[in-house]
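Colleague: compute the structure for the input listed below.
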Amino acid sequence: MPTATRKPKARKPRVKRQEPTESYWKLCRRFPLRPITSDAELDLATAVIDELVDRGFDNLDPSEADYLDVLSELSEAYEEKQHPLEPVSDGEMLEFLCDQHQVTRSEVAEATGIATTTLSAVVQGKKEFTREQIRRLCEFFHTTPEVFTT
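Modeller: This next block holds a predicted model:
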């Protein structure tokens with residue numbers, strides 16, 4: 001009886017890791033990649049992040065982009081631990097977005113097809129948005145559904 005031969009699984013090609021550039025080492029000397037332990041360190045990290053972002057992602061070499069990714073993650077981890085954000089309600093988020101975009105609830109209702117009474121009920125905490133309503137609001141405000149997730 002013949003036996004079936006198994007084909008070996010296709011392996012993903014290994015991506016050769018690039019050697020860090022001198023600009024990467026310069027950034028590491030300026031602010032070493034290690035856990036952030038104080039607000040003062042966070043301020044320094046934020047200054048480096050802002051400087052790299054201001055240069056533009058397309059103007060960073062791959063090592064600098066890697067550095068920016070890791071430093072951003074370290075900053076975020078510290079902020080989440082030391083300065084957690086209080087969750088906001090859907091109504092508070094709606095009010096914030098309306099304020100930022102300088103629109104009224106009536107204008108939002110007209111543009112999204114969500115009744116003004118529904119928007120008011122959510123702001124008053126009497127109702128929650130449905131997934132479809134969140135989708136419409138996100139489309140209108142050009143944001144992601146996560147802003148309405150508490």
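Colleague: helices or strands up against the host helix or strand of Glu80?
Modeller: Per DSSP states H and E, Glu80 falls inside helix 62-82. Counting contacts by 3 or more C-beta pairs under 8 Å, 6 or more residues apart in numbering; DSSP states H and E, helix 62-82 packs against helix 22-30, helix 39-55. C-beta here means a position set from N, CA and C on the backbone, and glycine is covered the same way.
Colleague: between helix 39-55 and that helix, find me the angle.
Modeller: Angle, helix 62-82 to helix 39-55, by axes from the mean of the first three to the mean of the last three C-alpha atoms, to 10 degrees: 140 degrees.
Colleague: after helix 62-82, next one along is what?
Modeller: Per DSSP H and E, the first helix or strand lying C-terminal to helix 62-82 is helix 90-101.
Colleague: name the residues of that following helix that come out as buried.
Modeller: Buried residues in helix 90-101, counted by 16 or more other C-beta atoms under 10 Å: 90-91, 93-95, 97-98.
Colleague: now stretch 45-56
Modeller: 45, 48-49, 52.
Colleague: go on, stretch 129-147?
Modeller: Neighbour-count burial for stretch 129-147, with 16+ other C-beta under 10 Å as criterion, is recorded at 129, 133-134, 136-138, 140-141, 143, 147.
Colleague: adding pLDDT, secondary structure and distance to Pro35, write those residues out as CSV.
Modeller: Below are the buried residues of stretch 129-147 laid out as CSV (pLDDT from 0 to 100; DSSP: H, G, I helix; E, B strand; the rest coil; distance: C-beta to C-beta, whole Å):
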residue, pLDDT, secondary structure, distance to Pro35
Phe129, 94, coil, 37
Gln133, 95, helix, 40
Ile134, 95, helix, 35
Arg136, 96, helix, 41
Leu137, 96, helix, 37
Cys138, 93, helix, 34
Phe140, 95, helix, 39
Phe141, 94, helix, 35
Thr143, 91, coil, 31
Val147, 87, helix, 28
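Colleague: any chance of these in TSV, with distance to Thr118 too?
Modeller: As requested, the buried residues of stretch 129-147 are exported to TSV (distance: C-beta to C-beta, whole Å):
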residue	distance to Thr118
Phe129	8
Gln133	7
Ile134	12
Arg136	11
Leu137	11
Cys138	16
Phe140	14
Phe141	16
Thr143	19
Val147	18
